[in-house]
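> give me the fold of what follows.
(2 chains)
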2 protein chains.
Amino acid sequence: MGSRVPSLTLTHAARPATFTVEAIDETGTAQPTPIAGEHPLTVYVDKREVLTIMTLGAAPEALVIGYLRNQRLISSIDELVSVQVDWEVNACSVVTTNGLANLDEKMAKRTKTTGCGEGTVFGDLMAEIDDIKLRDDVRLPESVLFNLLNNVRLHESIYKQAGAVHGCALAESNGDILTFVEDVGRHNAVDAIAGWMWLEGISGDDKIFYTTGRLTSEMVIKAAQMRIPFLVSRSGLTQMGYDIAQRVGITMIGRAVNKHYLLFAGAQRFVR
Amino acid sequence: MGSRVPSLTLTHAARPATFTVEAIDETGTAQPTPIAGEHPLTVYVDKREVLTIMTLGAAPEALVIGYLRNQRLISSIDELVSVQVDWEVNACSVVTTNGLANLDEKMAKRTKTTGCGEGTVFGDLMAEIDDIKLRDDVRLPESVLFNLLNNVRLHESIYKQAGAVHGCALAESNGDILTFVEDVGRHNAVDAIAGWMWLEGISGDDKIFYTTGRLTSEMVIKAAQMRIPFLVSRSGLTQMGYDIAQRVGITMIGRAVNKHYLLFAGAQRFVR
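Got it, this is the predicted structure:
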C-alpha cells in the first residue's frame, strides 16, 4: 500500500500472513496446517498509549489510520505527520500535527460502550447516521455484482489457506477490486479499507463494499460513514443491520455467492 | 435458564431470536427471510452505566453476569444482589452487595486495550494465563467428540434459520450438551456460557467447550479461565490462539465437523 499524501511518513511493515503448524487428523496422521497470524499491535498517538489491536498484520499502517478515522479520533489524514509500525516491539507510533485535543473525552465515552458491536463508539455512530446522504444517481447492475463475486472468489488467499480470517474488498463501479484486506477481525478489515481510502485519496460514493462477514449494525454504519452506496456480504445480516440499512438507504445484498444473492434494501439502485 | 443462587433476583427476559423480512432473490422473487435479532442492552451496575452490548437477547442475564465475570469486574456470583433486564428501555440493571470498588481503575485499563480481541482486558488476561492449571486426569475419547459434534449439529436452530450468529456449547464429559447459547458475537456467546455456569454452580474442569467461531487468542484464554480442559471449534484458529493453547496445555481441536477434526494441542488428553 502506498500513499498519495507526500507529507506523511509511513512504514510498510506487513507481517507474513500464515504460519504452518502440525495437527493430527482423524486418521492419526500429522498434517502440516497453515494458520493465520495474529499479533498484538499497540498504538501510541503522540507517545500516548491508545489501544492494542490484535491483527493479522497484513496492512498495519492502513489499519491504524482507518481505526483513528472510524473512531472519529481524527477528521482528516492531513492531521497525521507519521505512522510507523515496528514489529520488534509490536508498536505503531502515530504523530499528529496538533495532537488529539479531545482524546480524553472520546476515550471516556468509548469506555462506556466497549464491547458493543465489538468495540466502537456506538452512540456517536448512531447520531451521525441520520446526517448521511448516499448518492442516489449510481446503479449496480446484476452483471457487475456477479463480476465482483467472481473477482472475490479468485482473490481470497489467506482464507483459502488458513481460514480464521475475514476479508473485505473495495470495488469500482464495474466490479473490479481496488483493494482487498483480510484480518482476524471483521472490524479490522473494514478499518484497514477506510485507512487505505484516505491514503489513496479515494472517495467511496460510487464504490461497492464487499465483506465475507455478517452485516451487523456496526458494519452497515461504517460503510455508510464511508459514503459507500453498495454493501455486499457473503454472509447473513442481523435485524439492526437491516433496520439501519433501511434508514440510511444503502443498497444491501446478503448471501451473495456465485450467482445467488438476496437484496435486502436500497432496491432503487439495483438493476436486474 | 434458572439459578441455583437463591438470594439472587433475576429476570428471564429472552427476546424472540429471529424476525422475518422480505428479500428479493436472483430470480426477482420476494422471499420471506428470517434474520437474527440484534438489540442494544445497556448495562448499569449500581446505577452507573458500564457499557452497551449488542446482543441477540437469548440469554441476557447470563450474558451480563458472564461479561462481569470474564472482565474480572466481580469475582463471585455472591457479589450480585439482582440482575434485571427490561427491554422496554433496553437496559440491564445490576445491583451488587458492596459495589465495584475498583471499577474506575479497571475501566481505565480497558480503555487502553479496547478493540483488542474485540474488546477485552487483554493485558490482564495474559498475565493470568500462566497461573492456570487445567486438570490432566481427564480424557476425551474420539467417540465422545463425535457424539458432541452430532449433538451440536442437531441443536443449532437460530443459525440454521437465519445465519449471522455464533454458537457456543458447554458439554459434559460424555459429549451431552449442558447448555447451548447463540448470539450475534462470538464473545457474547462465551460470556453467556460463563454466566450460566455461575448461575448453575457448574465447574468447568471436566467439561468440553464447543464454539462455531474461530479460536483466536481471546477465545482460548476465556476457555482456560473457566478451567475447561477441552476446546473444540468448527472453524480454524490463529497463531496466537495456537501459541496460548500450547502454553496453557489445553486440548484444542479445530475444523471439527462430522467425522473430521484437527488436533492442535494437548494431545495427552485425547484418546483415539
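> can you pull out the low-pLDDT segments for chain A?
Chain A contains residues with pLDDT under 70 at A:1-3, A:101-102, A:105-126, A:156.
> residues contacting the residue sitting nearest the centre point of chain A?
Centroid-nearest residue in chain A: residue A:190, 0.6 Å away (criterion: CA atoms, centre = their mean). Counting by CB atoms under 8 Å, 6 or more residues apart in numbering or on different chains, residue A:190 makes contact with A:66, A:70, A:168, A:211, A:219, A:222-223. Where C-beta positions appear, they are placed from N, C-alpha and C, glycine not excepted.
> let me know whether stretch A:23-34 sits next to chain B.
Yes: for stretch A:23-34 and chain B, the contact criterion (CB under 8 Å from any CB of the partner chain) is met by A:23-26, A:28, A:31, A:33.
> so the residue nearest to the centre of chain A is in which element?
helix A:186-200 (DSSP states H and E).
> for residue A:210, see how far away residue A:226 is.
Using CB to CB, to the nearest Å, residue A:226 is found at 13 Å from residue A:210.
> so these two - more neighbours on which side?
More crowded of residue A:226 and residue A:210, by other CB atoms under 10 Å in any protein chain shown: residue A:210, with 27 against 23.
> ok but the more buried one is inside a strand, no?
Yes: assessed by DSSP: H, G, I helix; E, B strand; the rest coil, residue A:210 belongs to a strand.
> wait, it sits on residue A:148?
Yes: the criterion here is CB atoms under 8 Å, and residue A:210 meets it with residue A:148 at 6.2 Å.
> which neighbours do these two have in common?
In contact with both residue A:210 and residue A:148: A:169, A:171, A:232, using CB under 8 Å, 6+ apart.
> give me the neighbour count for the last one.
Summarising burial for residue A:232: neighbours were counted as other CB under 10 Å, giving 26.
> can you tell me which residues contact it?
Counting by CB under 8 Å, 6+ apart, residue A:232 has contacts A:145, A:148-149, A:208-211, A:253, A:256, A:261.
> now do 7 Å
The contact partners of residue A:232, by CB atoms under 7 Å, 6 or more residues apart in numbering or on different chains, come to A:145, A:148, A:208, A:210, A:253, A:256.
> likewise the second one?
For residue A:171, the contacting residues are A:148, A:177-178, A:207-208, A:210, taking CB under 7 Å, 6+ apart as the criterion.
> what sits opposite it in the beta ladder?
residue A:177, residue A:208 (DSSP bridges).
> gap between it and residue B:266?
42 Å.
> of the contacts of residue A:171, select the buried ones using a ChimeraX command.
For the buried members of these, the matching ChimeraX selection, counting by 16 or more other CB atoms under 10 Å in any protein chain shown, is:
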select /A:148,177,207,208,210
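> which one of the contacts of residue A:171 sits closest to chain B?
residue A:148 (14.0 Å; CB to the nearest CB).
> work out for me the element that closest one sits within.
Assigned by DSSP H and E, residue A:148 falls in helix A:142-155.
> need the contact partners of that helix.
By CB under 7 Å, 6+ apart, the surrounding residues in contact with helix A:142-155 are A:169, A:171, A:174-177, A:180, A:208, A:210, A:232, A:253, A:256-259, A:261, A:271-272.
> what comes up buried for that helix?
A:144-149, A:151-152.
> so how far is it from its chain's centroid?
19 Å (CA atoms, centre = their mean, to the nearest Å).
> same question for stretch A:23-41.
26 Å.
> how about the helices of the stretch 51-200 of chain A, start to end?
Assigned by DSSP state H, counting those that start in this stretch, the helices in the stretch 51-200 of chain A fall at A:60-70, A:103-113, A:122-129, A:142-155, A:157-162, A:186-200.
> picking up where we left off before, tell me how far the helix holding residue A:190 is from the chain's mean position?
Counting by CA atoms, centre = their mean, helix A:186-200 comes out at 5 Å from the chain centroid.
> same deal with stretch A:218-228?
10 Å.
> give me the contacts around that stretch.
Against stretch A:218-228 from outside (CB under 7 Å, 6+ apart): A:70, A:117, A:120, A:125, A:128-129, A:132, A:134, A:186-187, A:190, A:194, A:197, A:203-205, A:207, A:209, A:211, A:213, A:231, A:241, A:244-245, A:248, A:250.
> put the buried members of these into a PyMOL selection.
Listed next is the PyMOL selection for buried residues among those, using 16+ other CB under 10 Å:
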select buried, chain A and resi 70+117+120+125+134+186+187+190+194+197+204+207+209+211+213+231+241+244+245+248+250
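> rebuild the helices of the stretch 51-200 of chain A as TSV, extending it with distance to residue A:19.
Below are the helices of the stretch 51-200 of chain A laid out as TSV (distance: least, CB to CB, whole Å):
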stretch	distance to residue A:19
helix A:60-70	17
helix A:103-113	32
helix A:122-129	34
helix A:142-155	21
helix A:157-162	8
helix A:186-200	18
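> for residue B:140, find the nearest of those helices.
helix A:157-162 (24.5 Å; CB to CB).
> can you give the distance of the closest one from its chain's centre?
On CA atoms, centre = their mean, the centre of helix A:157-162 falls 18 Å from that of its chain.
> now what about it, what contacts it?
Against helix A:157-162 from outside (CB under 7 Å, 6+ apart): A:17-18, A:34-36, A:165, A:167, A:182, B:236.
> next, the buried residues of it.
Per 16+ other CB under 10 Å, helix A:157-162 contains these buried residues: A:158-159, A:161-162.
> closest to chain B out of these?
residue A:162 (6.3 Å).
> angle of the helix holding residue A:190 against helix A:60-70?
With axes from the mean of the first three to the mean of the last three CA atoms, to 10 degrees defining the directions, helix A:186-200 sits at 100 degrees from helix A:60-70.
> ends of stretch A:135-150, how far apart?
Terminal residues of stretch A:135-150 lie 25 Å apart, using CA to CA, to the nearest Å.
> coming back round to it: can you tell me which of the contacts of helix A:157-162 are buried?
Applying 16+ other CB under 10 Å to those, the neighbour count classes A:17-18, A:34-36, A:165, A:167, A:182, B:236 as buried.
> thinking again about what came up before, put together TSV for the buried residues of helix A:157-162, with distance to residue A:92 on each row.
Shown next, in TSV, are these (distance: CB to CB, whole Å):
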residue	distance to residue A:92
A:158	21
A:159	24
A:161	26
A:162	24
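> for chain B, what are the nearby residues on the stretch 151-272 of chain A?
With CB under 7 Å from any CB of the partner chain as the criterion, the stretch 151-272 of chain A meets chain B at residues A:162-164, A:184-185, A:214, A:216-217, A:235-242, A:259-264, A:267, A:272.
> buried ones only from those, please, as a PyMOL command.
Remark: buried members of those, expressed as a PyMOL selection using 16+ other CB under 10 Å:
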select buried, chain A and resi 162+163+164+184+185+214+216+217+235+236+237+238+239+240+241+242+261+262+263+264
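> so which of the residues of the stretch 151-272 of chain A next to chain B belong to strands?
A:260-264 (DSSP state E).
> can I get those residues in CSV including distance to residue A:56?
Shown next, in CSV, are those (distance: CB to CB, whole Å):
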residue, distance to residue A:56
A:260, 28
A:261, 27
A:262, 29
A:263, 31
A:264, 29
